[in-house]
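Enquirer: Structural data only, the sequence is not supplied:
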(Lines give C-alpha, C1' and ligand atoms only; values in the text may rest on other atoms or scores of the structure.)
Protein backbone atom coordinates (compact mmCIF):
# COMPACT_ATOMS: atom_id res chain seq x y z
CA UNK A 1 0.00 0.00 0.00
CA UNK A 2 1.51 3.26 -1.06
CA UNK A 3 0.55 6.49 -2.75
CA UNK A 4 0.25 6.34 -6.51
CA UNK A 5 3.36 8.40 -7.00
CA UNK A 6 6.27 7.64 -4.71
CA UNK A 7 8.86 9.90 -6.24
CA UNK A 8 9.77 12.57 -3.76
CA UNK A 9 8.74 15.88 -5.22
CA UNK A 10 7.92 19.34 -4.02
CA UNK A 11 5.60 19.83 -6.96
CA UNK A 12 2.09 20.95 -5.99
CA UNK A 13 -0.37 18.10 -6.24
CA UNK A 14 -3.38 20.27 -5.56
CA UNK A 15 -3.79 23.95 -6.27
CA UNK A 16 -6.82 25.98 -5.25
CA UNK A 17 -7.20 29.61 -6.26
CA UNK A 18 -9.88 32.08 -5.21
CA UNK A 19 -12.41 29.41 -4.30
CA UNK A 20 -15.87 30.85 -3.56
CA UNK A 21 -19.06 29.17 -2.43
CA UNK A 22 -22.40 30.49 -1.26
CA UNK A 23 -25.46 28.68 0.03
CA UNK A 24 -28.29 31.03 -0.80
CA UNK A 25 -27.40 34.42 0.62
CA UNK A 26 -24.79 32.92 2.94
CA UNK A 27 -21.30 33.22 1.49
CA UNK A 28 -19.46 30.34 3.14
CA UNK A 29 -16.22 30.61 1.20
CA UNK A 30 -15.07 34.12 0.33
CA UNK A 31 -11.79 33.34 -1.33
CA UNK A 32 -9.71 30.32 -0.48
CA UNK A 33 -6.20 29.70 -1.80
CA UNK A 34 -4.35 26.50 -1.07
CA UNK A 35 -1.35 24.70 -2.40
CA UNK A 36 -0.78 21.14 -1.33
CA UNK A 37 2.49 19.50 -2.31
CA UNK A 38 2.85 15.76 -2.67
CA UNK A 39 3.29 14.06 0.68
CA UNK A 40 1.81 16.97 2.59
CA UNK A 41 -0.54 16.31 5.46
CA UNK A 42 -2.64 19.44 5.71
CA UNK A 43 -4.89 19.91 8.74
CA UNK A 44 -7.76 22.35 8.30
CA UNK A 45 -8.83 23.75 11.63
CA UNK A 46 -11.31 26.45 12.52
CA UNK A 47 -14.54 27.19 14.33
CA UNK A 48 -17.73 25.47 13.23
CA UNK A 49 -19.34 27.30 10.35
CA UNK A 50 -15.97 28.65 9.25
CA UNK A 51 -16.18 26.84 5.91
CA UNK A 52 -13.49 24.20 6.46
CA UNK A 53 -15.75 21.27 5.61
CA UNK A 54 -17.07 23.16 2.58
CA UNK A 55 -13.49 23.54 1.33
CA UNK A 56 -13.06 19.78 1.57
CA UNK A 57 -16.39 19.10 -0.14
CA UNK A 58 -15.46 21.41 -3.01
CA UNK A 59 -12.18 19.55 -3.49
CA UNK A 60 -14.02 16.36 -4.37
CA UNK A 61 -16.93 17.92 -6.22
CA UNK A 62 -19.59 17.05 -3.65
CA UNK A 63 -20.19 20.80 -3.66
CA UNK A 64 -19.79 22.83 -6.80
CA UNK A 65 -17.91 26.05 -6.09
CA UNK A 66 -19.26 29.33 -7.48
CA UNK A 67 -15.89 30.71 -8.45
CA UNK A 68 -12.18 30.01 -8.43
CA UNK A 69 -10.18 27.12 -9.78
CA UNK A 70 -9.16 23.69 -8.53
CA UNK A 71 -6.30 21.87 -10.22
CA UNK A 72 -4.90 18.46 -9.44
CA UNK A 73 -1.75 17.31 -11.12
CA UNK A 74 -2.54 13.61 -10.79
CA UNK A 75 -0.39 10.80 -12.10
CA UNK A 76 0.45 9.31 -15.45
CA UNK A 77 -2.35 6.75 -15.72
CA UNK A 78 -5.72 7.49 -17.29
CA UNK A 79 -7.64 7.28 -14.01
CA UNK A 80 -5.60 10.03 -12.46
CA UNK A 81 -5.20 12.33 -15.44
CA UNK A 82 -4.46 15.97 -14.55
CA UNK A 83 -7.56 18.06 -14.16
CA UNK A 84 -8.25 21.76 -13.77
CA UNK A 85 -11.70 23.23 -13.31
CA UNK A 86 -12.61 26.91 -13.50
CA UNK A 87 -15.80 27.26 -11.51
CA UNK A 88 -16.53 30.86 -12.43
CA UNK A 89 -17.81 29.52 -15.75
CA UNK A 90 -20.16 27.08 -14.05
CA UNK A 91 -22.03 29.61 -11.85
CA UNK A 92 -22.33 27.14 -9.00
CA UNK A 93 -24.34 24.70 -11.06
CA UNK A 94 -23.39 21.08 -11.47
CA UNK A 95 -24.59 21.23 -15.07
CA UNK A 96 -22.07 24.00 -15.79
CA UNK A 97 -19.05 21.80 -15.01
CA UNK A 98 -17.96 19.36 -17.70
CA UNK A 99 -18.97 15.93 -16.45
CA UNK A 100 -15.67 14.40 -17.41
CA UNK A 101 -13.69 16.97 -15.44
CA UNK A 102 -15.84 16.39 -12.36
CA UNK A 103 -15.43 12.62 -12.60
CA UNK A 104 -11.73 13.14 -13.07
CA UNK A 105 -11.55 15.38 -9.99
CA UNK A 106 -13.42 12.79 -7.91
CA UNK A 107 -11.23 9.96 -9.12
CA UNK A 108 -8.23 11.77 -7.67
CA UNK A 109 -9.45 11.61 -4.13
CA UNK A 110 -10.59 9.10 -1.57
CA UNK A 111 -12.96 10.51 1.01
CA UNK A 112 -13.41 9.54 4.64
CA UNK A 113 -16.66 10.83 6.14
CA UNK A 114 -17.44 12.01 9.63
CA UNK A 115 -20.28 9.49 9.90
CA UNK A 116 -18.39 6.76 7.97
CA UNK A 117 -21.23 6.38 5.42
CA UNK A 118 -20.56 2.69 4.91
CA UNK A 119 -23.10 0.87 2.77
CA UNK A 120 -25.32 -0.90 5.33
CA UNK A 121 -26.51 -3.59 2.91
CA UNK A 122 -23.01 -4.73 2.02
CA UNK A 123 -20.44 -6.62 4.06
CA UNK A 124 -17.16 -5.03 5.08
CA UNK A 125 -15.35 -6.72 2.19
CA UNK A 126 -18.08 -5.75 -0.28
CA UNK A 127 -17.91 -2.15 0.92
CA UNK A 128 -14.19 -2.08 0.17
CA UNK A 129 -14.40 -3.93 -3.17
CA UNK A 130 -17.43 -2.14 -4.62
CA UNK A 131 -15.53 0.82 -6.10
CA UNK A 132 -12.48 -1.01 -7.49
CA UNK A 133 -14.54 -3.88 -8.97
CA UNK A 134 -17.79 -2.26 -10.09
CA UNK A 135 -16.58 1.21 -11.03
CA UNK A 136 -12.89 0.76 -11.84
CA UNK A 137 -13.46 -2.68 -13.35
CA UNK A 138 -10.29 -4.14 -11.93
CA UNK A 139 -10.00 -7.94 -11.71
CA UNK A 140 -11.99 -9.25 -8.75
CA UNK A 141 -9.29 -11.62 -7.50
CA UNK A 142 -6.66 -8.91 -7.48
CA UNK A 143 -8.96 -6.44 -5.73
CA UNK A 144 -10.00 -9.01 -3.15
CA UNK A 145 -6.40 -9.82 -2.29
CA UNK A 146 -5.62 -6.14 -1.92
CA UNK A 147 -8.76 -5.47 0.12
CA UNK A 148 -7.99 -8.35 2.48
CA UNK A 149 -4.44 -7.12 2.92
CA UNK A 150 -5.75 -3.65 3.78
CA UNK A 151 -8.28 -5.07 6.25
CA UNK A 152 -5.54 -7.22 7.78
CA UNK A 153 -3.41 -4.18 8.28
CA UNK A 154 -6.13 -2.29 10.14
CA UNK A 155 -6.83 -5.38 12.22
CA UNK A 156 -10.24 -6.14 10.76
CA UNK A 157 -9.70 -9.17 8.56
CA UNK A 158 -11.91 -11.24 10.85
CA UNK A 159 -14.74 -8.78 10.14
CA UNK A 160 -14.65 -9.22 6.38
CA UNK A 161 -18.12 -10.80 6.28
CA UNK A 162 -19.70 -8.61 8.96
CA UNK A 163 -22.20 -5.90 8.19
CA UNK A 164 -21.45 -2.32 9.23
CA UNK A 165 -24.08 -2.30 12.01
CA UNK A 166 -22.19 -5.15 13.70
CA UNK A 167 -19.07 -2.98 14.07
CA UNK A 168 -18.14 -0.28 16.57
CA UNK A 169 -17.76 3.28 15.35
CA UNK A 170 -13.97 3.01 15.39
CA UNK A 171 -14.08 -0.20 13.35
CA UNK A 172 -16.52 1.34 10.89
CA UNK A 173 -14.27 4.33 10.41
CA UNK A 174 -11.26 2.10 9.77
CA UNK A 175 -13.30 0.31 7.12
CA UNK A 176 -14.18 3.75 5.74
CA UNK A 177 -10.47 4.53 5.45
CA UNK A 178 -9.75 1.18 3.81
CA UNK A 179 -12.59 1.76 1.35
CA UNK A 180 -10.97 5.06 0.36
CA UNK A 181 -7.49 3.52 0.11
CA UNK A 182 -8.71 0.67 -2.10
CA UNK A 183 -9.57 3.21 -4.79
CA UNK A 184 -5.84 4.02 -5.06
CA UNK A 185 -6.41 7.78 -4.98
CA UNK A 186 -3.71 10.42 -5.26
CA UNK A 187 -5.22 12.39 -2.42
CA UNK A 188 -6.98 11.38 0.79
CA UNK A 189 -9.63 13.69 2.23
CA UNK A 190 -10.87 13.34 5.82
CA UNK A 191 -13.92 15.18 7.11
CA UNK A 192 -13.66 15.23 10.91
CA UNK A 193 -12.86 11.52 10.91
CA UNK A 194 -13.00 11.11 14.68
CA UNK A 195 -15.67 13.55 15.82
CA UNK A 196 -18.49 10.98 15.75
CA UNK A 197 -16.47 8.47 17.77
CA UNK A 198 -16.55 7.67 21.45
CA UNK A 199 -13.39 9.08 23.05
CA UNK A 200 -11.83 5.67 23.71
CA UNK A 201 -12.15 4.73 20.02
CA UNK A 202 -10.50 7.87 18.65
CA UNK A 203 -6.96 6.59 19.19
CA UNK A 204 -7.15 3.64 16.78
CA UNK A 205 -8.32 5.84 13.94
CA UNK A 206 -5.78 8.58 14.58
CA UNK A 207 -2.99 6.03 14.81
CA UNK A 208 -3.97 4.65 11.40
CA UNK A 209 -4.01 8.12 9.84
CA UNK A 210 -0.61 8.77 11.38
CA UNK A 211 0.75 5.60 9.78
CA UNK A 212 -0.60 6.66 6.41
CA UNK A 213 1.07 10.02 6.82
CA UNK A 214 4.35 8.28 7.53
CA UNK A 215 3.95 6.29 4.32
CA UNK A 216 3.83 9.48 2.34
CA UNK A 217 0.14 9.80 1.49
CA UNK A 218 -1.00 13.29 0.62
CA UNK A 219 -3.89 14.15 2.91
CA UNK A 220 -6.22 16.99 3.73
CA UNK A 221 -7.84 16.54 7.13
CA UNK A 222 -10.58 18.65 8.66
CA UNK A 223 -10.14 18.11 12.37
CA UNK A 224 -10.75 19.40 15.86
CA UNK A 225 -7.91 17.33 17.31
CA UNK A 226 -5.22 19.96 17.84
CA UNK A 227 -2.82 17.54 19.44
CA UNK A 228 -3.17 15.27 16.44
CA UNK A 229 -2.68 18.16 14.02
CA UNK A 230 0.46 19.16 15.87
CA UNK A 231 1.90 15.68 15.77
CA UNK A 232 0.87 14.35 12.36
CA UNK A 233 0.21 17.29 10.07
CA UNK A 234 3.06 18.83 8.11
CA UNK A 235 1.01 21.97 7.60
CA UNK A 236 -1.97 23.49 9.31
CA UNK A 237 -4.39 26.06 7.96
CA UNK A 238 -6.73 28.06 10.16
CA UNK A 239 -10.01 28.74 8.36
CA UNK A 240 -12.35 31.44 9.57
CA UNK A 241 -15.02 33.52 7.90
CA UNK A 242 -14.58 31.74 4.59
CA UNK A 243 -10.90 32.45 4.14
CA UNK A 244 -7.63 30.96 5.26
CA UNK A 245 -6.49 33.29 7.98
CA UNK A 246 -3.19 31.64 8.74
CA UNK A 247 -1.28 28.78 7.18
CA UNK A 248 1.97 27.34 8.38
CA UNK A 249 3.99 24.83 10.30
CA UNK A 250 1.77 23.15 12.91
CA UNK A 251 4.20 23.21 15.81
CA UNK A 252 5.05 26.83 15.20
CA UNK A 253 1.54 28.01 14.50
CA UNK A 254 -0.20 26.22 17.32
CA UNK A 255 2.33 27.51 19.83
CA UNK A 256 2.68 30.98 18.47
CA UNK A 257 -0.24 32.05 16.28
CA UNK A 258 0.32 35.30 14.38
CA UNK A 259 -3.29 36.35 14.01
CA UNK A 260 -5.62 37.47 16.75
CA UNK A 261 -8.48 35.26 15.45
CA UNK A 262 -6.25 32.20 15.46
CA UNK A 263 -5.11 33.00 18.95
CA UNK A 264 -8.69 33.35 20.20
CA UNK A 265 -9.75 30.12 18.55
CA UNK A 266 -6.85 28.15 20.04
CA UNK A 267 -7.45 29.69 23.41
CA UNK A 268 -11.11 28.65 23.35
CA UNK A 269 -10.15 25.10 22.45
CA UNK A 270 -7.49 24.82 25.13
CA UNK A 271 -9.54 26.49 27.84
CA UNK A 272 -13.15 25.70 27.08
CA UNK A 273 -14.40 27.05 30.39
CA UNK B 1 -77.74 -22.75 12.10
CA UNK B 2 -79.18 -25.85 10.58
CA UNK B 3 -77.29 -28.87 9.38
CA UNK B 4 -78.10 -27.98 5.80
CA UNK B 5 -76.45 -24.58 6.23
CA UNK B 6 -73.31 -26.25 7.54
CA UNK B 7 -73.41 -28.62 4.61
CA UNK B 8 -73.79 -25.68 2.22
CA UNK B 9 -70.80 -23.92 3.78
CA UNK B 10 -68.75 -27.07 3.49
CA UNK B 11 -69.81 -27.67 -0.11
CA UNK B 12 -69.09 -24.09 -1.11
CA UNK B 13 -65.67 -24.08 0.55
CA UNK B 14 -63.89 -25.77 -2.32
CA UNK B 15 -65.35 -23.55 -5.07
CA UNK B 16 -64.31 -20.50 -3.06
CA UNK B 17 -60.80 -21.78 -2.40
CA UNK B 18 -60.62 -22.68 -6.04
CA UNK B 19 -61.73 -19.14 -6.86
CA UNK B 20 -58.99 -17.80 -4.63
CA UNK B 21 -56.32 -20.01 -6.20
CA UNK B 22 -57.30 -19.41 -9.81
CA UNK B 23 -58.71 -15.88 -9.45
CA UNK B 24 -57.92 -13.78 -6.42
CA UNK B 25 -54.29 -14.77 -5.90
CA UNK B 26 -53.02 -14.72 -9.52
CA UNK B 27 -54.94 -11.50 -10.12
CA UNK B 28 -53.36 -9.85 -7.08
CA UNK B 29 -49.86 -11.17 -7.81
CA UNK B 30 -49.77 -10.19 -11.48
CA UNK B 31 -51.30 -6.76 -10.88
CA UNK B 32 -48.89 -6.13 -8.01
CA UNK B 33 -45.86 -7.11 -10.09
CA UNK B 34 -46.86 -4.91 -13.01
CA UNK B 35 -47.94 -2.14 -10.65
CA UNK B 36 -44.56 -2.14 -8.88
CA UNK B 37 -42.65 -1.72 -12.13
CA UNK B 38 -44.97 1.13 -13.02
CA UNK B 39 -44.56 2.61 -9.55
CA UNK B 40 -40.76 2.54 -9.70
CA UNK B 41 -40.86 4.38 -13.01
CA UNK B 42 -43.32 6.93 -11.65
CA UNK B 43 -41.32 7.43 -8.45
CA UNK B 44 -38.16 8.12 -10.46
CA UNK B 45 -40.12 10.51 -12.69
CA UNK B 46 -41.42 12.32 -9.62
CA UNK B 47 -37.84 12.68 -8.34
CA UNK B 48 -36.50 13.77 -11.71
CA UNK B 49 -35.12 17.26 -12.08
CA UNK B 50 -36.91 17.52 -15.41
CA UNK B 51 -40.04 19.39 -14.51
CA UNK B 52 -42.23 17.87 -17.25
CA UNK B 53 -41.43 14.31 -16.23
CA UNK B 54 -42.26 14.98 -12.63
CA UNK B 55 -45.48 16.78 -13.65
CA UNK B 56 -46.71 13.83 -15.69
CA UNK B 57 -46.11 11.51 -12.74
CA UNK B 58 -47.76 13.94 -10.34
CA UNK B 59 -50.94 14.15 -12.46
CA UNK B 60 -51.06 10.37 -12.87
CA UNK B 61 -50.72 9.75 -9.14
CA UNK B 62 -53.30 12.40 -8.32
CA UNK B 63 -55.81 10.90 -10.80
CA UNK B 64 -55.34 7.36 -9.55
CA UNK B 65 -55.58 8.30 -5.90
CA UNK B 66 -58.38 10.77 -6.45
CA UNK B 67 -60.80 8.40 -8.15
CA UNK B 68 -62.46 5.21 -6.86
CA UNK B 69 -60.96 1.92 -7.95
CA UNK B 70 -64.41 0.69 -8.93
CA UNK B 71 -64.81 3.65 -11.29
CA UNK B 72 -61.40 2.93 -12.84
CA UNK B 73 -62.40 -0.68 -13.33
CA UNK B 74 -65.71 0.25 -14.95
CA UNK B 75 -64.14 2.84 -17.26
CA UNK B 76 -61.82 0.17 -18.61
CA UNK B 77 -64.30 -2.68 -18.89
CA UNK B 78 -67.62 -0.96 -19.61
CA UNK B 79 -66.41 2.42 -20.86
CA UNK B 80 -63.69 1.65 -23.35
CA UNK B 81 -65.89 -0.54 -25.60
CA UNK B 82 -67.84 2.57 -26.59
CA UNK B 83 -64.55 3.87 -28.00
CA UNK B 84 -64.17 0.61 -29.86
CA UNK B 85 -61.69 -0.85 -27.37
CA UNK B 86 -63.03 -4.12 -26.03
CA UNK B 87 -60.93 -5.86 -23.41
CA UNK B 88 -61.80 -9.18 -21.77
CA UNK B 89 -62.63 -9.30 -18.04
CA UNK B 90 -59.29 -10.73 -16.90
CA UNK B 91 -56.99 -8.33 -18.74
CA UNK B 92 -59.32 -5.45 -17.82
CA UNK B 93 -59.00 -6.32 -14.15
CA UNK B 94 -55.22 -6.67 -14.36
CA UNK B 95 -54.91 -3.35 -16.19
CA UNK B 96 -57.11 -1.50 -13.68
CA UNK B 97 -55.42 -2.97 -10.61
CA UNK B 98 -51.92 -2.41 -12.01
CA UNK B 99 -52.68 1.22 -12.78
CA UNK B 100 -54.06 1.62 -9.28
CA UNK B 101 -51.14 -0.05 -7.51
CA UNK B 102 -48.79 2.02 -9.68
CA UNK B 103 -50.23 5.22 -8.31
CA UNK B 104 -50.18 4.24 -4.66
CA UNK B 105 -46.86 2.41 -4.62
CA UNK B 106 -45.14 5.26 -6.50
CA UNK B 107 -45.52 7.50 -3.47
CA UNK B 108 -44.27 4.75 -1.15
CA UNK B 109 -41.19 4.15 -3.27
CA UNK B 110 -40.51 7.85 -3.67
CA UNK B 111 -40.64 8.34 0.09
CA UNK B 112 -38.39 5.30 0.62
CA UNK B 113 -35.78 6.63 -1.81
CA UNK B 114 -35.85 10.00 -0.05
CA UNK B 115 -35.46 8.29 3.32
CA UNK B 116 -32.00 6.93 2.43
CA UNK B 117 -29.48 9.33 4.03
CA UNK B 118 -27.79 11.79 1.69
CA UNK B 119 -24.42 10.46 2.89
CA UNK B 120 -25.12 7.21 1.04
CA UNK B 121 -25.34 9.08 -2.26
CA UNK B 122 -22.15 10.96 -1.38
CA UNK B 123 -20.26 7.80 -0.46
CA UNK B 124 -21.40 6.24 -3.73
CA UNK B 125 -20.20 9.26 -5.71
CA UNK B 126 -16.89 9.15 -3.86
CA UNK B 127 -16.17 5.60 -4.94
CA UNK B 128 -16.66 6.89 -8.47
CA UNK B 129 -20.25 5.90 -9.16
CA UNK B 130 -22.53 7.74 -11.55
CA UNK B 131 -25.98 8.83 -10.40
CA UNK B 132 -27.54 5.87 -12.19
CA UNK B 133 -25.24 3.34 -10.62
CA UNK B 134 -25.51 4.86 -7.16
CA UNK B 135 -29.28 4.55 -7.47
CA UNK B 136 -29.36 0.92 -8.54
CA UNK B 137 -26.55 -0.48 -6.41
CA UNK B 138 -26.63 1.64 -3.27
CA UNK B 139 -29.90 3.53 -2.86
CA UNK B 140 -32.61 1.20 -4.20
CA UNK B 141 -31.57 -1.86 -2.13
CA UNK B 142 -31.87 0.26 1.01
CA UNK B 143 -35.11 1.88 -0.18
CA UNK B 144 -36.52 -1.59 -0.88
CA UNK B 145 -36.15 -2.55 2.77
CA UNK B 146 -37.79 0.65 3.94
CA UNK B 147 -40.74 0.13 1.62
CA UNK B 148 -41.52 -3.45 2.67
CA UNK B 149 -44.07 -2.55 5.40
CA UNK B 150 -46.01 0.07 3.41
CA UNK B 151 -45.90 -2.01 0.22
CA UNK B 152 -47.19 -5.00 2.17
CA UNK B 153 -50.15 -2.87 3.13
CA UNK B 154 -50.68 -1.98 -0.50
CA UNK B 155 -50.58 -5.65 -1.43
CA UNK B 156 -52.99 -6.70 1.32
CA UNK B 157 -55.41 -3.96 0.23
CA UNK B 158 -55.06 -5.18 -3.34
CA UNK B 159 -55.90 -8.76 -2.38
CA UNK B 160 -59.15 -7.56 -0.86
CA UNK B 161 -59.85 -5.12 -3.71
CA UNK B 162 -59.70 -7.93 -6.25
CA UNK B 163 -63.21 -8.82 -5.03
CA UNK B 164 -64.34 -5.84 -7.14
CA UNK B 165 -63.36 -7.86 -10.22
CA UNK B 166 -66.44 -9.96 -9.59
CA UNK B 167 -68.41 -6.95 -10.88
CA UNK B 168 -66.79 -7.29 -14.29
CA UNK B 169 -67.45 -11.02 -14.37
CA UNK B 170 -64.03 -12.31 -13.32
CA UNK B 171 -64.42 -15.61 -11.51
CA UNK B 172 -62.64 -15.29 -8.20
CA UNK B 173 -63.33 -15.99 -4.57
CA UNK B 174 -66.11 -13.49 -4.05
CA UNK B 175 -67.92 -14.25 -7.32
CA UNK B 176 -68.06 -17.91 -6.30
CA UNK B 177 -69.57 -16.85 -2.98
CA UNK B 178 -72.12 -14.62 -4.73
CA UNK B 179 -73.20 -17.40 -7.04
CA UNK B 180 -73.75 -19.92 -4.27
CA UNK B 181 -75.49 -17.27 -2.17
CA UNK B 182 -77.85 -16.26 -4.97
CA UNK B 183 -78.64 -19.88 -5.67
CA UNK B 184 -79.23 -20.90 -2.05
CA UNK B 185 -80.45 -17.66 -0.52
CA UNK B 186 -77.97 -18.08 2.40
CA UNK B 187 -76.38 -14.65 2.03
CA UNK B 188 -75.20 -14.15 5.58
CA UNK B 189 -73.51 -17.51 5.93
CA UNK B 190 -71.77 -17.40 2.56
CA UNK B 191 -70.58 -13.82 2.75
CA UNK B 192 -69.22 -14.46 6.25
CA UNK B 193 -67.45 -17.50 4.88
CA UNK B 194 -65.96 -15.39 2.12
CA UNK B 195 -64.88 -12.78 4.67
CA UNK B 196 -63.21 -15.49 6.73
CA UNK B 197 -61.30 -16.78 3.71
CA UNK B 198 -60.02 -13.26 2.86
CA UNK B 199 -58.99 -12.89 6.47
CA UNK B 200 -57.00 -16.15 6.38
CA UNK B 201 -55.23 -15.08 3.18
CA UNK B 202 -54.32 -11.74 4.75
CA UNK B 203 -53.05 -13.41 7.94
CA UNK B 204 -50.73 -15.54 5.85
CA UNK B 205 -49.54 -12.45 3.98
CA UNK B 206 -48.91 -10.53 7.20
CA UNK B 207 -46.72 -13.28 8.59
CA UNK B 208 -44.92 -13.39 5.25
CA UNK B 209 -44.31 -9.67 5.68
CA UNK B 210 -42.62 -10.06 9.06
CA UNK B 211 -40.40 -12.85 7.73
CA UNK B 212 -39.37 -10.63 4.83
CA UNK B 213 -38.73 -7.67 7.13
CA UNK B 214 -36.46 -9.77 9.35
CA UNK B 215 -34.54 -11.15 6.43
CA UNK B 216 -33.97 -7.72 4.96
CA UNK B 217 -33.08 -6.15 8.28
CA UNK B 218 -29.41 -5.74 7.47
CA UNK B 219 -30.34 -3.49 4.56
CA UNK B 220 -31.12 -0.64 6.91
CA UNK B 221 -28.59 1.75 8.34
CA UNK B 222 -28.61 1.27 12.11
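Expert: Cool, the structure landed. Since the structure is predicted, the reported quantities are computational estimates derived from the model, not experimental observations.
Enquirer: For chain A, what lies in contact range of chain B?
Expert: A:60-62, A:103, A:106-107, A:109-111, A:113, A:115, A:117-121, A:130-131, A:134-136, A:163-165, A:179-180, A:183 (Cβ under 8 Å from any Cβ of the partner chain). Placement of C-beta: from N, CA and C, glycine included.
Enquirer: now do 6 Å
Expert: Within chain A, the positions near chain B by Cβ under 6 Å from any Cβ of the partner chain are A:62, A:107, A:111, A:115, A:117, A:119-121, A:130-131, A:135, A:163, A:165.
Enquirer: which two in those residues are spaced the farthest apart?
Expert: Within these, A:107 and A:165 form the most distant pair, 29.3 Å apart (Cβ to Cβ).
Enquirer: okay, these two: which has more neighbours?
Expert: Higher neighbour count among residue A:107 and residue A:165: residue A:107, with 25 against 13, using other Cβ atoms under 10 Å in any protein chain shown.
Enquirer: quick one: contacts for the more buried one?
Expert: Contact criterion Cβ atoms under 6 Å, 6 or more residues apart in numbering or on different chains gives A:79, B:128 as the residues in contact with residue A:107.
Enquirer: just the one 10 residues further on next, same as before
Expert: When contacts are counted by Cβ under 6 Å, 6+ apart, residue A:117 is found next to B:119, B:123.
Enquirer: Where does it sit: helix, strand or coil?
Expert: Secondary structure of residue A:117, reduced to three states by DSSP: H, G, I helix; E, B strand; the rest coil: coil.
Enquirer: Residue A:238 too?
Expert: Following three-state DSSP, residue A:238 is assigned to strand.
Enquirer: Kindly state the pLDDT recorded for the residue of the stretch 151-273 of chain A found nearest chain B?
Expert: Here the stretch 151-273 of chain A gets closest to chain B at one residue, residue A:165, 3.7 Å apart by Cβ to the nearest Cβ. pLDDT for residue A:165: 92.
Enquirer: Quickly note the distance from it to residue A:122.
Expert: Using Cβ to Cβ, to the nearest Å, residue A:165 is found at 12 Å from residue A:122.
Enquirer: count of residues packed around whichever residue of chain B sits closest to chain A?
Expert: The minimum distance from chain B to chain A, using Cβ to the nearest Cβ, falls at residue B:127 (3.2 Å). When neighbours are counted by other Cβ under 10 Å, residue B:127 registers 27.
Enquirer: hang on, it packs against residue A:131?
Expert: Yes. Under the criterion of Cβ atoms under 6 Å, residue B:127 makes contact with residue A:131 at 3.2 Å.
Enquirer: Helix, strand, or coil at residue A:68?
Expert: Residue A:68 ends up strand, using three-state DSSP.
Enquirer: Run a quick neighbour tally on it.
Expert: Counted with other Cβ under 10 Å, residue A:68 comes out at 20.
Enquirer: show me the contacts for it.
Expert: Counting by Cβ under 6 Å, 6+ apart, residue A:68 touches A:17, A:18, A:19, A:20, A:87.
Enquirer: any idea how far residue A:86 is from it?
Expert: Applying Cβ to Cβ, the value for residue A:68 to residue A:86 is 8 Å.
Enquirer: Can you tell me which helices and strands the least confident helix or strand in chain B by mean pLDDT packs against?
Expert: When the helices and strands of chain B are scored by mean pLDDT, DSSP states H and E, helix B:3-19 comes last with a mean of 88. Contacts defined by 3 or more Cβ pairs under 6 Å, 6 or more residues apart in numbering or on different chains; DSSP states H and E place helix B:3-19 against helix B:173-184, helix B:187-215.
Enquirer: what would those look like in a markdown table with mean neighbour count and mean pLDDT?
Expert: Below are these laid out as a markdown table (neighbours: other Cβ atoms under 10 Å in any protein chain shown; pLDDT from 0 to 100):
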| stretch | mean neighbour count | mean pLDDT |
| --- | --- | --- |
| helix B:173-184 | 20 | 92 |
| helix B:187-215 | 14 | 93 |
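Enquirer: which one of those lies closest to residue A:49?
Expert: Nearest of the helices and strands packed on helix B:3-19 (Cβ to Cβ): helix B:187-215, 40.3 Å.
Enquirer: ok and the closest one relative to helix B:3-19, angle-wise?
Expert: Between helix B:187-215 and helix B:3-19, the angle comes out at 40 degrees (axes from the mean of the first three to the mean of the last three Cα atoms, to 10 degrees).
Enquirer: Could you save the helices and strands packed on helix B:3-19 as JSON lines and add columns showing distance to residue A:270?
Expert: Shown next, in JSON lines, are these (distance: least, Cβ to Cβ, whole Å):
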{"stretch": "helix B:173-184", "distance to residue A:270": "75"}
{"stretch": "helix B:187-215", "distance to residue A:270": "50"}
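Enquirer: out of the ones you listed, which comes closest to residue A:44?
Expert: helix B:187-215 (42.6 Å).
Enquirer: Does anything pack onto the closest one? Which helices or strands?
Expert: In this structure, helix B:187-215 packs against helix B:3-19, helix B:140-161, helix B:173-184, with contacts taken as 3+ Cβ pairs under 6 Å, 6+ apart.
Enquirer: ok, residue B:32 touching residue B:154?
Expert: No. In this structure residue B:32 lies outside contact range of residue B:154 using Cβ under 6 Å: 7.8 Å.
Enquirer: Now distance to residue B:71 too, for the helices and strands packed on helix B:187-215, in a markdown table please.
Expert: Below are these laid out as a markdown table (distance: least, Cβ to Cβ, whole Å):
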| stretch | distance to residue B:71 |
| --- | --- |
| helix B:3-19 | 24 |
| helix B:140-161 | 13 |
| helix B:173-184 | 19 |
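Enquirer: for stretch B:81-95, which positions count as buried?
Expert: Within stretch B:81-95, the residues that qualify as buried are B:87, B:90, B:92, B:93, B:94, B:95, counting by 16 or more other Cβ atoms under 10 Å in any protein chain shown.
Enquirer: how close does the fifth one sit to residue A:221?
Expert: Between residue B:94 and residue A:221 the distance, using Cβ to Cβ, works out to 58 Å.
Enquirer: Quick check: end-to-end length of stretch B:111-122?
Expert: With Cα to Cα, to the nearest Å as the measure, stretch B:111-122 spans 19 Å from end to end.
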